[in-house]
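> my questions are about this predicted structure, shown below with the sequence.
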Amino acid sequence: MDTEQLNVKNRKMRVCVATCNRADYSKLAPVMFALRDDPDMELQVVVMGSHLIDDYGSTYRMIQQDEFEVDGFLHTIVRGEDEASMAESVGLALVKLPDVLVRLKPDLLIVHGDRFDALSLATCAALMNVRILHIEGGEVSGTIDDSIRHSITKLSHYHACCTDRARRRLLSMCEDNDHILLAGCPTYDKLLSCNEKNYDNVLSKWVGEGVKPKDFIIALQHPVTTDIKGSLKMFDLMLDALLEFNVKTLVLFPNIDAGSKEMTRMIRLRGLEHHPNFSLAKHVPYDQFIILLANTGCLIGNSSAGIREAGAFGTPVINLGNRQIGREAGENVLHVRDADTKGKILHAVNLQFQKQFPCSYIYGDGHAVQRIMKFIHKIKNDLEKPIQKSFIFPPMKDTVSQDIDHILETQSALAVDLGGTNLRVAIVSQQGEILHKMSELTPATYEQRMDLLVRMLVEATSKAVELSCRILGIGISTGGRVNPHEGMVLHSTKILEEWSSIDLRTPISSKLHLPVWVDNDGNCAALGEKKFGKGKGSEDFITLIVGTGIGGGIVLNNELVHGANFCAAELGHITVSMDGPDCMCGSSGCVESYASGIALQREAKKLHDADELLVPGVHLREGEEVTGKHVIQAAQLGNKKAEKVVETACEALGLAVCTLLHTVNPSHIILCGHLAPHYVDGVREVIQRRALPSAASSIQIMVSDLEEPALLGAASIVLEYATRRIY
């Protein structure tokens, strides 16, 4: 490599992107646009493979329409569409590519996926000492593509993968942890921002005039090169099943793999190009394809689009055979591995057609290109280092460190604490560190509240990218009775108006493209203690929040207790007196009516009105409202009547705790909230007097160390559940 090649700091970095077919261009184009717009980068484009073949749509025209300057067109396909022609095509590409790389002298070659063309590119670049960035490595699909993909991985120096499972596979293949970026799929950057409702012209063009959303099927099946005979039979049966099902169907022609010529012949022999219910297409532009995908009643075949892109819209998919069986898939995918009869395929179509599934975002969050560009800028700093690739032995099954700047992002959650006074949003790491926090006053109306919440969450996701945080989901802590399974606020507290029968999950998940969990603020505080606080390692404990109101959460046998109607742990409404003060719940004698901040404020006002509150050291500024803190200050400074108020509150809270001890028998009770330090000693004294000796001797009453238990609890829901599943 010459001196000019090495002295990259004083010039633009030359990044060559080679695209071989319609599928890889949809993944590479977003990165190509970003490279073209970057003043520090010089984009080089090489077009080859099936792009240049008319039978496959002459898709090089897409690249020209996108106004990319092409540095080389290479005819690398040997026609024949059989095993021998695939091998010959690899050889032909290896003959032609060296001249191009010598002329362009790229600093980095970007290769996508698992096609035989990409194997030629990676082999040539590796032998010519050109650094390689491989996009979408580490995945498993179940065919010869796996062997090709993993071969490219071993030839490549850097990797931008789409899922955490793919990242772990790369690590187990001895790839360098520092050279792996968990980016997400670049297509999701475009897919999640598209307007799938703008479908009229697209449906008319590709399916037929007057066709409505969900009233048509997309069929897209490719040959399986390791079982050509079996895949041809499956394709034949699929066409028969679709003819019998008798709805509008768009059939896309297969890729150029061995067996595709026979598949095309089957389509022609049935005369599908003249059938009133069938439309045929060699190629559909990607922006139009995703609109079709979002609005189809079902996708059938074995294309990766059914596994990757369709999940983002909840589109039902029937995956035939084993071609994609190893990929991570959402619940929208129905696998028919042994599609050996027409009846079996037809039954699957009847099951899936026109169903709607929850959207899943396994393969991306819309920020992949931003991460990849950051990664490429980091690679630029490596260009003067030796190119020799290093492997890490032995394979690493688990990685502890996840905070390598811009390369391994910190797995984090967006946490929301929606209270009657303040609405707070935070980015919380897996270790419970609050990396960024925002706070606004809670708006009075539902519409204003939801608008502010979404705006704060969108702002937080952008901040997360700056902080190199990967957001796994959103956890919301809110007052009231909550159905966590549905993400619904069933009934709100009086502090939050217009907050009953509210679906929080659906609108926020749809807008942010992230999974959303919702629970009551008391339950969230318990979860926060369980993961990050004094409940860690304990199977049975209770969190009791003493603040403006009183609430809490109960953990038994390591599980949070919600109750049959999600009313469990309404701890503030444990009755401690038959004829006590009225409570905000409508009853009387509840512990909340004695020991909450509101109750203390009520008693403080009574003392103040009787001129019996203020003592030396307790100051009330002009216009300042009397609150519970004033009665506590007065009690600490020797005001006997204030002391009596606090003692009564401690007695009531202690009685409630005794009830919990005798009912649940937890190992310890954690007091949270701003009043907790003032009550803990009094509660311990009441327990010694009033509880059964066996219960009193073993219980630990402690004050939480967590500054934000509800926020951390909301984050813990995400971090616990999201890291247990594929995301």
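Good, I have the coordinates. Numbers count the residues shown, from 1 in each chain.
> nearest spatial neighbour of Lys261, skipping sequence neighbours?
Glu81 (4.0 Å; Cβ to Cβ, 6 or more residues apart in numbering). Any C-beta I mention is one placed from the backbone N, CA and C, and that applies to glycine too.
> which helices and strands sit right next to the helix ranked longest in the chain?
Ranked by number of residues, the top helix in the chain under DSSP state H is helix 640-664. Under the contact criterion of 3 or more Cβ pairs under 8 Å, 6 or more residues apart in numbering; DSSP states H and E, helix 640-664 touches strand 541-546, strand 550-556, helix 592-595, helix 597-609, helix 628-636, strand 668-672, helix 676-690, helix 693-698.
> quick one: closest of the ones you listed to Ser156.
strand 550-556 (46.5 Å; Cβ to Cβ).
> and the closest one with helix 597-609, angle?
Interaxial angle, strand 550-556 versus helix 597-609 (axes from the mean of the first three to the mean of the last three Cα atoms, to 10 degrees): 150 degrees.
> quick one on the thing from earlier: of the helices and strands packed on helix 640-664, which approaches Leu280 most closely?
Among the helices and strands packed on helix 640-664, strand 550-556 sits nearest to Leu280 (Cβ to Cβ), with 58.5 Å.
> what strands line up against the closest one, and which way round?
strand 541-546 (antiparallel), strand 559-560 (antiparallel) (DSSP bridges).
> run through the helices of the stretch 401-550 of the chain in chain order.
446-466, 505-512, 521-532 (DSSP state H, counting those that start in this stretch).
> summarise which helices and strands the shortest one is packed against.
Yep, that's helix 505-512 we're talking about. So helix 505-512, by 3+ Cβ pairs under 8 Å, 6+ apart, packs with helix 446-466, strand 469-478, strand 516-520.
> columns mean pLDDT on top of the ones you listed, output as TSV?
Converted to TSV, those look like this (pLDDT from 0 to 100):
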stretch	mean pLDDT
helix 446-466	93
strand 469-478	92
strand 516-520	93
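> can you put these in CSV and add mean neighbour count?
Shown next, in CSV, are the helices and strands packed on helix 505-512 (neighbours: other Cβ atoms under 10 Å):
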stretch, mean neighbour count
helix 446-466, 16
strand 469-478, 26
strand 516-520, 26
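> which one, of the ones you listed, ends up nearest to Ile669?
strand 516-520 (18.0 Å).
> now do that closest one against strand 469-478, angle only.
Angle, strand 516-520 to strand 469-478, by the same axes, to 10 degrees: 30 degrees.
> redo the helices and strands packed on helix 505-512 as a markdown table? Include distance to Ser538.
Below are those laid out as a markdown table (distance: least, Cβ to Cβ, whole Å):
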| stretch | distance to Ser538 |
| --- | --- |
| helix 446-466 | 31 |
| strand 469-478 | 21 |
| strand 516-520 | 19 |
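> tell me the most buried of the helices and strands packed on helix 640-664?
Among the helices and strands packed on helix 640-664, ranked by average contacts under mean count of other Cβ atoms under 10 Å, first place goes to strand 541-546 (a mean of 29).
> what's next to that strand, contact-wise?
Identification of contacts with strand 541-546 by Cβ atoms under 8 Å, 6 or more residues apart in numbering yields 521-522, 525-526, 529-530, 534-535, 550-555, 569, 571, 595-597, 653, 656-657, 660, 664, 666-673, 675-676, 679, 704, 709.
> any idea how far it is from the middle of the chain?
Centre-to-centre, strand 541-546 and its host chain are 31 Å apart (Cα atoms, centre = their mean, to the nearest Å).
> alpha carbons of that strand, as CSV, please.
In CSV, the C-alpha atoms belonging to strand 541-546 read as follows (Å, rounded to 0.1, in the frame of the first residue of the first chain):
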residue,chain,number,x,y,z
PHE,A,541,-40.6,-8.3,50.6
ILE,A,542,-42.9,-5.3,50.6
THR,A,543,-42.2,-1.7,49.5
LEU,A,544,-44.3,0.9,51.3
ILE,A,545,-44.2,4.4,49.8
VAL,A,546,-45.1,7.2,52.2
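> 419 is where my numbering starts, stick with that
Shifting the count to begin at 419 puts that one at strand 959-964.
> give me the mean pLDDT for it.
Summarised as a single mean, pLDDT over strand 959-964 is 94.
> tell me the contacts of Ile635?
Applying Cβ under 8 Å, 6+ apart, the residues contacting Ile635 are 660, 663, 665-668, 714-718, 767, 771.
> in helices only, show me those residues.
Counting by DSSP H, those contribute 660, 663, 767 to helices.
> what's the neighbour count on the first one?
The number of residues packed near Leu660 is 22, by other Cβ atoms under 10 Å.
> circling back: so which of the helices and strands packed on helix 923-930 gets nearest Met504?
Nearest to Met504, of the helices and strands packed on helix 923-930 and by Cβ to Cβ, is strand 887-896 at 37.1 Å.
> residues of the longest helix of the chain that come out buried?
Neighbour counts over helix 1058-1082 (16 or more other Cβ atoms under 10 Å) mark 1059-1061, 1063-1064, 1066-1079 as buried.
> now do that helix and strand 968-974, the angle between them.
Going by the same axes, to 10 degrees, helix 1058-1082 makes 30 degrees with strand 968-974.
> pLDDT averaged over helix 1058-1082 - what is it?
94.
> distance between it and the chain's centre?
For helix 1058-1082, the separation from the chain centroid amounts to 44 Å (computed by Cα atoms, centre = their mean).
> likewise stretch 909-920?
For stretch 909-920, the distance to the chain centre is 28 Å (Cα atoms, centre = their mean).
> what's the mean pLDDT across that stretch?
81.
> please point out which parts of it sit buried.
910-911, 913-914, 917, 920.
> number of nearby residues for Phe811?
Phe811, neighbours per other Cβ under 10 Å, totals 7.
> doesn't it belong to a helix?
No: read with DSSP: H, G, I helix; E, B strand; the rest coil, Phe811 is coil and lies in no helix.
> break down the stretch 519-668 of the chain into its strands, ranges please.
Secondary structure of the stretch 519-668 of the chain (DSSP state E, counting those that start in this stretch): strands at 526-530, 549-553, 576-579, 598-600, 634-638, 666-670.
> can the ones you listed go into CSV with extra columns for distance to Gly1046 and mean pLDDT?
CSV is the format used below for the strands of the stretch 519-668 of the chain (distance: least, Cβ to Cβ, whole Å; pLDDT from 0 to 100):
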stretch, distance to Gly1046, mean pLDDT
strand 526-530, 62, 96
strand 549-553, 59, 96
strand 576-579, 54, 96
strand 598-600, 48, 95
strand 634-638, 63, 96
strand 666-670, 67, 95
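> nearest to Ser476, out of those strands?
strand 666-670 (15.3 Å).
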